[in-house]
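Student: here is a sequence with its predicted model. Questions after.
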Amino acid sequence: FLLHVFSCRQQSRSGYTLSVSVDAALCLSFNLLFSMFRPFVLRWFAENDQLQAEYVVGALQSDRDSGFKPTSQYHRYSPSVVDVFCSLTEMYKILNNLECPDPELLDLYMAQFAGIIAGVLTRYTDIVKRQFVALCQNNRRGAVLLNNVVEIRELLKKLFLNMGGDKLGERAVAIIQTLQSDRLAGDLDYFCATFARSLDGTLEASVKIMKEKLLKMKNVGNTATDAETNDVIYAVMQTLSEWLQGVQAVCETTGLKKLMKELWQLLLEKLEKLIILPHMPENLDMSKMETLDLTEKQSDVLESSLEVFKAFFHGHEGDGLKMSFFDKSPELGRLRSALELYRYSSDTLIVTFMKTEKNAAKCQERVAHVQPVGYVTLQVSLFSPGDGENRLTVKVVSASDLRWPMKGVFRPYVEVNVLGPYLSAQRRRHSTNLRSGTTSPTYNETFHFNLGGLAEPEQYELHVIVKDYCFARSDRVVGIAVLQLDQVVDLGSLWRHLPLSRCLHISEMGRAILGILYGRSQDEVVREFVQIKSTRREVELETQSSR
């Protein structure tokens with residue numbers, strides 16, 4: 001009876017419709033029949049799921065054997081994409097020929113088929129991912145594989161519309177949409193980023209050559225000429241041109257533009273790390289910092305270089321990235337802000353640092369309250385005697401609950417530093433006397449600072465460091481606390497019980513400013529500022545004090 005029914009289904013659709021309309025009982029029989037036939041269809045789905053997975057492996061192996069050659073000069077993707085979708089389309093034709101009259105059962109079948117599609121295409125991209133780093137070392141292969149993912153997304157869109165599009169059941173729609181917008185879109189982004197990173201080493205070497213030429217440039221003339229800019233960036237432009245020329249000949253527009261965005265970000269990353277912003281490690285280890293201070297002429301050359309790079313990625317006739325992309329590029333905005341910092345005086349940079357780190361200082365205090373290594377109590381007073389200058393009085397009352405390994409003699413003292421602009425002619429540091437053998441010493445010592453009258457008191461801060469005195473070597477840091485003087489301005493005087501932290505938490509912009517200042521370390525005030533901000537408690541002391 002089943003064979004008879006399926007043979008009838010192969011006849012003209014009009015004849016079948018007539019027979020059903022004539023005999024309502026037969027229609028009911030068909031619904032019952034399809035319900036009975038459901039286990040066999042589900043079993044067919046399960047078998048095809050396995051067969052399709054094996055087919056994907058074979059199709060990709062065939063691509064590898066042929067060197068991932070494009071299907072034709074007009075279709076730049078490899079045959080494996082066509083093979084996979086031909087197989088899925090044939091499977092859909094068989095499913096469609098069933099003409100299941102039960103909507104709920106049809107939704108189930110379509111959801112099952114959508115799941116198979118998702119499994120097949122996910123398996124395809126997973127296999128390519130495992131080999132992509134090696135494969136994309138060849139520009140043509142990498143471009144073809146990008147085209148494959150772009151074409152898979154296009155063919156999936158067409159297959160989804162043939163299946164009924166948004167008229168499908170909720171489960172089938174959800175599976176296809178998740179596959180398209182989340183998984184395959186994410187895979188395309190991954191392939192583009194990985195492909196662009198294949199140029200990492202070559203581009204880095206070119207940027208280093210650019211840096212050497214830039215640093216050799218004499219500071220003659222107020223602005224950079226086009227010839228000077230072109231000479232500095234020659235190696236970088238040659239690397240980009242040669243690489244993109246090989247890719248453009250094969251890569252489809254959709255994948256190419258995504259790839260160019262990734263390459264743009266990689267270029268700016270190299271410029272930032274190797275030239276514009278000196279290396280500033282997270283732990284602020286000064287021994288690992290790189291000295292670099294750009295002159296106004298060099299900064300001008302870099303500004304001009306960024307414009308040339310923009311024009312290159314935009315294309316001669318605007319066939320590259322849109323100008324709106326550059327306008328919204330956070331990486332470009334960050335580099336321009338950093339270049340502007342080089343034009344600032346050291347005092348202006350210190351003021352900028354204070355403003356940048358106000359929120360970080362509040363966060364610092366919250367973190368220190370959670371895991372303090374001790375406390376220090378201060379009384380701070382700010383006043384102006386009428387001569388146009390601001391004076392600060394700091395009384396160090398005591399320290400308490402200092403976490404320290406009590407091996408040998410512990411002789412803690414408190415170092416008080418005032419940090420801010422225009423302090424080169426002023427005393428900037430005072431220290432208390434030593435107290436021996438206690439983790440809660442009392443000091444009651446008062447110090448006076450003259451801030452001058454060239455800047456507002458809000459632009460200064462107190463940097464307090466509790467140290468252990470060592471006779472034969474450098475004193476060791478117990479803990480650090482920071483007090484912004486804007487907290488004192490309104491009150492005139494205040495008492496604070498400050499928690500001590502192990503190190504400072506400095507923002508990315510703050511570290512950039514410190515890096516630029518480090519390049520100007522011939523200035524005593526600047527060198528002192530960077531050293532204080534780089535202060536941290538030694539790691540081995542953490543283990544000893546916790547035992």
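Tutor: Thanks, I have the structure now.
Student: avg pLDDT for stretch 165-183?
Tutor: Average pLDDT, stretch 165-183: 91.
Student: show me the contact partners of that stretch.
Tutor: By C-beta atoms under 8 Å, 6 or more residues apart in numbering, the residues outside stretch 165-183 that reach it are 106-108, 110-111, 113-115, 117-118, 121-122, 125, 153, 156-157, 160, 163. Backbone N, C-alpha and C define where each C-beta goes, glycine included.
Student: next one: that stretch to chain centre, how far?
Tutor: Computed by C-alpha atoms, centre = their mean, to the nearest Å, the chain-centroid distance of stretch 165-183 equals 29 Å.
Student: got the buried residues for it?
Tutor: 168-169, 172-173, 175-176, 179-180 (16 or more other C-beta atoms under 10 Å).
Student: in strands, which of those appear?
Tutor: Among the buried residues of stretch 165-183, the subset assigned to strands under DSSP state E is empty.
Student: low-confidence ranges in the chain?
Tutor: By pLDDT under 70, the low-scoring segments of the chain are 1-37, 218-223, 278-292, 316-318, 359-370, 539-547.
Student: please redo it, this time with the cut-off set to 50
Tutor: Low-confidence segments of the chain, defined by pLDDT under 50: 1-30, 32, 543, 547.
Student: residue ranges for the strands of it, please.
Tutor: With DSSP E as the criterion, the chain has strands spanning 375-383, 390-400, 412-419, 429-431, 442-452, 461-468, 476-484, 493-499.
Student: out of those, flag the one nearest residue 210.
Tutor: strand 412-419 (35.1 Å; C-beta to C-beta).
Student: next, the angle from that closest one to strand 375-383.
Tutor: Put simply, strand 412-419 runs at 40 degrees to strand 375-383, going by axes from the mean of the first three to the mean of the last three C-alpha atoms, to 10 degrees.
Student: list the residues that contact the closest residue to residue 207 other than its chain neighbours.
Tutor: In space, and not counting its chain neighbours, residue 207 is closest to residue 270: 4.4 Å by C-beta to C-beta, 6 or more residues apart in numbering. By C-beta under 8 Å, 6+ apart, the contact set of residue 270 is 203-204, 207.
Student: try it again with 10 Å
Tutor: 200, 203-208, 210-211, 236, 276 (C-beta atoms under 10 Å, 6 or more residues apart in numbering).
Student: give the PyMOL command for selecting the buried subset of the contacts of stretch 165-183.
Tutor: Selection of the buried residues among these in PyMOL, burial being defined by 16+ other C-beta under 10 Å:
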select buried, resi 106+107+108+110+111+113+114+115+117+118+121+125+153+156+160+163
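Student: do a quick rundown of the helices in the stretch 251-400 of the chain.
Tutor: 253-271, 296-314, 323-327, 330-342, 346-356, 358-370 (DSSP state H, counting those that start in this stretch).
Student: the residue nearest to residue 207 and residue 232, how far apart?
Tutor: The gap separating residue 270 from residue 232 is 14 Å, by C-beta to C-beta, to the nearest Å.
Student: pull the number of nearby residues for the closest residue to residue 486 other than its chain neighbours.
Tutor: Counting by C-beta to C-beta, 6+ apart, residue 458 is the residue found nearest to residue 486 once chain neighbours are left out, at 4.1 Å. Neighbour count for residue 458, taken as other C-beta atoms under 10 Å: 17.
Student: wait, residue 458 sits on residue 354?
Tutor: Yes: counting by C-beta atoms under 10 Å, residue 354 is a contact partner of residue 458 at 8.3 Å.
Student: okay, and the common contacts of these two?
Tutor: By C-beta under 10 Å, 6+ apart, the residues touching both residue 458 and residue 354 are 420, 484-486.
Student: closest to residue 46 among those?
Tutor: residue 484 (67.1 Å).
Student: who does the closest one bridge with?
Tutor: Residues in a beta bridge with residue 484, per DSSP bridges, are residue 461.
Student: any idea how far residue 58 is from the nearest residue to residue 57 once chain neighbours are set aside?
Tutor: Closest residue to residue 57 apart from its sequence neighbours, by C-beta to C-beta, 6+ apart: residue 127 at 7.0 Å. Here residue 127 is placed at a distance of 11 Å from residue 58 (C-beta to C-beta).
Student: so between the two, which is more surrounded?
Tutor: A count of neighbours by other C-beta under 10 Å puts residue 127 above the other of residue 127 and residue 58, at 16 against 11.
Student: right, and the more buried one touches residue 120 too?
Tutor: No: counting by C-beta under 10 Å, residue 120 is not a contact partner of residue 127; they are 11.1 Å apart.
Student: let me see the contact set for residue 251.
Tutor: 76, 139-140, 142-147, 150, 192, 195, 244, 257-260.
Student: one more pass at 6 Å, please.
Tutor: Neighbouring residues of residue 251 by C-beta atoms under 6 Å, 6 or more residues apart in numbering: 143, 146.
Student: next one: phi and psi at it?
Tutor: Backbone torsions for residue 251, taken as degrees, to the nearest 10, come to phi -80, psi 140.
Student: residue 436: neighbouring residues, count only.
Tutor: Neighbour tally, residue 436, other C-beta under 10 Å: 10.
Student: spatially nearest residue to it, not counting backbone neighbours?
Tutor: residue 411 (4.9 Å).
Student: and the gap between that neighbour and residue 464?
Tutor: 17 Å.
Student: which of the two has more residues huddled nearby?
Tutor: residue 464 (22 against 18).
Student: who are the contact partners of the closest residue in space to that one that isn't next to it in sequence?
Tutor: Nearest residue to residue 464 in three dimensions, chain neighbours excluded: residue 481, at 4.5 Å (C-beta to C-beta, 6+ apart). By C-beta under 6 Å, 6+ apart, the contact set of residue 481 is 376, 464, 498, 500.
Student: those: which two are farthest apart?
Tutor: Pairwise over these, using C-beta to C-beta, the maximum falls at 464 and 500, 8.1 Å.
Student: now the helices: where do they sit in the stretch 101-250 of the chain?
Tutor: Using DSSP H, counting those that start in this stretch, helices in the stretch 101-250 of the chain cover 103-135, 139-163, 170-178, 185-197, 200-216, 226-232, 234-248.
Student: and those, which is most packed in?
Tutor: helix 139-163 (a mean of 20; mean count of other C-beta atoms under 10 Å).
Student: what helices or strands is that helix leaning on?
Tutor: helix 79-97, helix 185-197, helix 234-248, helix 253-271 (3 or more C-beta pairs under 6 Å, 6 or more residues apart in numbering; DSSP states H and E).
Student: out of these, which comes closest to residue 293?
Tutor: helix 253-271 (16.5 Å).
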